[in-house]
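Enquirer: sequence below, structure please.
(chains A, B and C)
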Amino acid sequence: MVMKKLFDHGEPSYEQVNQDVIKSLIETGPKYWMLLATTVGITVVCFIVPWMYQIHMGVGVAGMNRNAVWGTYLSNFIFWIGLSHSGTLLSAVLHITQSDWRKSIYRSAEAMTLFSLMVAATFVMVHVGRLWFIHWSFPIPNPMGLWPNFRSPIMFDVMAITTYLTASSIFIYMGSVPDFAAVRDYSSGLRRRIYTVLSFGWRGTSKEWHTLGWAYTFFAVLVIPLAVSVHSIVSWDFALSTVPGLHQTIFAPYFVCGAIYSGTAGIVTVMYCLRRFLGFERYIGKIHVDYLGKLLIALSMIWTYINIMELFTGWYSGSSAEIEFLKFRLFGFYAPMYWEMILFCAFVPLLMLFKSVRLNWNRMLVISILINIGMLSERFIIVSTSLPRKLLPDSYGFYFPSPAEISITVGSFAMFATLFLIFIKVFPAVSIYEVKETLNPLRRAEKT
Amino acid sequence: MSVLDTIRKYREAGYYKEFDYHWGMTVDLDRCTGCEACVVACQAENNLPIVGESSFAQRREIKWMRIERYWEGEYPNAKLNFIPMFCQQCDEAPCETACPVFATYHNQDGLNTQIYNRCIGTRTCAVYCPYEVRYFNWFTYTWDEPLERQLNPDVSVREKGVMEKCTFCIQRIRQAKDLAKDDDRRKVRDGEVTPACAQSCPTEALVFGDLNDPESRVSKMANDPRGYQVLEEQNTSPSVVYLQKVHGDEEAI
Amino acid sequence: MLSVHNRPPKIQAIAKQEFREGVRVNVSVLEALKPLRKSALLGIIGIVGIVVGLKINAAYSTHLKPVQPIEFSHRIHAGENQIECLYCHSSADRSPSAGVPSVAKCVGCHERIATVRDSAEIAKLNAYWQAQEPIPWIKVHDVPDFVHFTHKRHVLAGLECQQCHGPVETMDRIERVADLTMPWCTDCHTLNQTDNGLDCYTCHK
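Expert: Residues are numbered from 1 along each chain as shown, chains lettered A, B, ... in the order given. The predicted structure follows:
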């Protein structure tokens, strides 16, 4: 096996890693504040305000009706859960396989997981009819003696998402503790105090390193099955119903594959932004975009295969309801969206087979965004073409999102951006200590 | 094997036997004229809101009972079939596993309950229901000035964000049980409970009663050879039995 | 993999230097939290205050004791004069609601009781009677609209009124003693093994 170069522009020195990462954390220009103000503004105007209006008026503000009781909120929920899938999973898998190229990108990938999960959880809250009673879906002991229904796939969802959220938060935090300590040692005043607390008094003794390494590997192993199970469980929300087009055994692998697919594309987008706006060109380079591109090709092929199988099983079932639904999906009102999704998710990624595309960050950015547009439409199509074509022809209906739903969808992206912008100023976006692990030990000897 | 046997087939042996009732209904499609008197009666009895023209156009109507129309054949020889569709009170109800908070569960009388004040509005039950008989309160609906006086005090008025569906007029069932207790009877007699729809049906197409009692009118009707269940292949084992419409064979005449 | 030698050199240098000079490395979390002590204390006081306030509020709303339009005393009527509950609340054993007596029923007796005919409270009653208006009593034992409680079944089951309403015959002004929450209901239904009494449809429909 040919060892690839981890760093495009030559290996940095130890001091330089510290300098680069901490600079990105501390030096905050007016551009950053303007960007943050913009995203916060969009979040408030497009997300919070329509949501408040909806809470006040009722879910009727959205475009759903009695034939399609689930709509954009739920499809967005699946999309964001899907986007969350790659970060922690990829980080954990690559940690266990001891891949060095993971080390400069995993922190932001995990942050993406965390924030997508938060946005997804918010969409659950937007979706429900009576937000003020949502605590009833948690198994909290209460004097009424009533418990949630553990047979309900929604309940599985609550469990899976909260577990995944907790595990991912601990995972990302644990990996950041030595870096918090590094920031603490490089800063003074209030910032030093804050990072002292954040770093749990980390000193860098050999026992601490040993414990961290052990605990980190333990969590990496724990997180992998968790990530796979979460999206399987989300798919069961659909697959356990009797709706044609949703009631399929293939749904769990379909959702998991699609989730990792869109998540990996999301990582490419985020990496591009980190390179471009935070100046991490030295740390995030050709090797990352090359490997991620290859992963995307593989995932797109699995995804395409499962999509063909989905159509095949629907057709092969011979059930008139299934065929009626397939007709609607392939040739009905939302057919352009469906074919757009096939184009973006099955054919466009094949461009990455060319090295000239795969190694070019700008082209990869376009492809990764197209993939996520495709995946967003995939989730929308799953919800909005199957529910109006259920079993009774009398109840065939139609669903089109209302302005409030579209606005909240736009706002969710701004919310994600806000969270991420806050993240890059609190967490070192590139892991300091793990990048140093990949540096040439001989050079370290030179320096010290 | 009659339909009544298939209802019992998927249930543990004698599940309802230890309880007093298993409420059920039969719908004789041969008698149904599609007059929608049942729809109106249901609307009046169960405090169903009038959602207004625009909401209706958006298919946000709330009608626990609806008459579905299906055409058979092409225009000159077209035949019209009506199927009154309401909650089938399935024994293997998909909606019951869907609800995360037990707002809908199976009670001892064989009914799918819907507890409005427990509902958090995830709408999963409506997705899972193959009959699409669950209706969601998209807004808090109000009644205009004199109309609120016709509200039934025995039925809760639902607020926004709550799912609702046919309850087999649970308030009437409870009242009949109440009166039976006054008479020191353990069980309600056949014919003492009539839901609003069955009561208003001019052709007596709807018959309501206790399927546990082999002598009740509904049990006898359910054993009719014309009996079938809607979407039987979904294996939900509904408590509602439809009696097939028998078309006259014109050519033979 | 992780090892001792991979520590950032600056920390190593600082640690070495501080070790040599005998300086304690200031990485203590408690140290960093010290300036927060005041605000933490304020926070704790605030939380305790809110909890106590909620408790007081709950206690107050449990023992609801409003001032009624007429100072009607159950102690005099039900206690001293031994009038049956069902004499006034006459539909308690045959209807879901116990029934508040009409003004006519009050006046019916009080017209003939000479000793109190001229008291201030009776004058108020007579005013309502003359105006032919109902007395706007304030409901003390109220449950939400989605709870369909029925007095009839409970009275016929042999429950004493006092089991839920407390010692009414000793109260000058009526007061709520039970909290009328769902666990309060279901506890009794569970203990007495009511016939199908824990089905939600028993109360909610």
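Enquirer: which one is the residue in the stretch 1-150 of chain A positioned nearest to chain C nearest to, not counting chain neighbours?
Expert: Nearest residue of the stretch 1-150 of chain A to chain C, counting by CB to the nearest CB: A:Pro143, 4.1 Å away. For every residue, glycine as well, the C-beta is placed using N, CA and C. In space, and not counting its chain neighbours, A:Pro143 is closest to C:Pro183: 4.1 Å by CB to CB, 6 or more residues apart in numbering or on different chains.
Enquirer: check the secondary structure at the one you found for me.
Expert: Here C:Pro183 is recorded as helix under DSSP: H, G, I helix; E, B strand; the rest coil.
Enquirer: unless I'm mixing things up, it is touching A:Leu146, no?
Expert: No: counting by CB atoms under 8 Å, A:Leu146 is not a contact partner of C:Pro183; they are 9.8 Å apart.
Enquirer: quick one, which of the two is more surrounded?
Expert: A:Leu146 (17 against 14; other CB atoms under 10 Å in any protein chain shown).
Enquirer: contact partners for the more buried one?
Expert: When contacts are counted by CB atoms under 8 Å, 6 or more residues apart in numbering or on different chains, A:Leu146 touches A:Trp136, B:Val101, B:Phe102, B:Arg118.
Enquirer: what does A:Thr38 give?
Expert: By CB under 8 Å, 6+ apart, A:Thr38 has no neighbours at all.
Enquirer: so it: helix, strand or coil?
Expert: Secondary structure assignment for A:Thr38 (three-state DSSP): helix.
Enquirer: C:Gly79 touches C:Thr170, doesn't it?
Expert: Yes: using CB under 8 Å, C:Gly79 is in contact with C:Thr170, at 6.0 Å.
Enquirer: who has more neighbours, these two?
Expert: Taking neighbours as other CB under 10 Å, C:Gly79 and C:Thr170 compare with C:Gly79 leading, 16 against 11.
Enquirer: which residues does that one contact?
Expert: C:Gly79 is in contact with C:Glu169, C:Thr170, counting by CB under 8 Å, 6+ apart.
Enquirer: report the separation between it and C:Ser119.
Expert: 18 Å (CB to CB, to the nearest Å).
Enquirer: now swap in A:Ser152 and tell me
Expert: 62 Å.
Enquirer: out of these two, which sits in the busier spot?
Expert: A:Ser152 (24 against 12).
Enquirer: ok, that one touching B:Ala98?
Expert: Yes: counting by CB under 8 Å, B:Ala98 is a contact partner of A:Ser152 at 5.8 Å.
Enquirer: hang on, the earlier thing: give the contact list for the residue nearest to A:Pro143.
Expert: A:Pro143, A:Met144, A:Gly145.
Enquirer: do the same with C:Phe146
Expert: B:Tyr116, B:Asn117, B:Ser156, C:His204.
Enquirer: got it, and A:Ser108?
Expert: A:Ile267, A:Val270, A:Met271, A:Leu274, A:Phe423, A:Ile424, A:Ala429, A:Val430.
Enquirer: now distance to A:Thr72 and secondary structure too, for these, in a markdown table please.
Expert: Shown next, in a markdown table, are the contacts of A:Ser108 (distance: CB to CB, whole Å; DSSP: H, G, I helix; E, B strand; the rest coil):
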| residue | distance to A:Thr72 | secondary structure |
| --- | --- | --- |
| A:Ile267 | 25 | helix |
| A:Val270 | 24 | helix |
| A:Met271 | 28 | helix |
| A:Leu274 | 29 | helix |
| A:Phe423 | 26 | helix |
| A:Ile424 | 29 | helix |
| A:Ala429 | 31 | coil |
| A:Val430 | 35 | coil |
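Enquirer: B:Val246 contacts B:Arg226, correct?
Expert: Yes: the pair B:Val246 and B:Arg226 qualifies as a contact (CB under 8 Å) at a distance of 7.0 Å.
Enquirer: and the two? Which one has more around it.
Expert: Set B:Val246 next to B:Arg226 and count neighbours by other CB under 10 Å: B:Arg226 wins out with 16 against 9.
Enquirer: of all the residues in the stretch 101-250 of chain B, which ones are close to chain C?
Expert: B:105, B:107-108, B:111, B:113, B:115-118, B:154-157, B:167, B:170-171, B:174, B:178, B:181-182 (CB under 8 Å from any CB of the partner chain).
Enquirer: would you mind listing the buried residues in stretch A:400-412?
Expert: Buried residues in stretch A:400-412, counted by 16 or more other CB atoms under 10 Å in any protein chain shown: A:Phe400, A:Pro401, A:Ser402, A:Ala404, A:Glu405, A:Ile406, A:Ser407, A:Ile408, A:Thr409, A:Gly411, A:Ser412.
Enquirer: ok, residues contacting it?
Expert: Against stretch A:400-412 from outside (CB under 8 Å, 6+ apart): A:42-43, A:45-48, A:50-51, A:53-54, A:61-63, A:71-73, A:76, A:80, A:119, A:122-123, A:126.
Enquirer: now those residues: which count as buried?
Expert: Looks like those have A:42-43, A:46-47, A:50-51, A:54, A:61-63, A:71-73, A:76, A:80, A:119, A:122-123, A:126 buried, using 16+ other CB under 10 Å.
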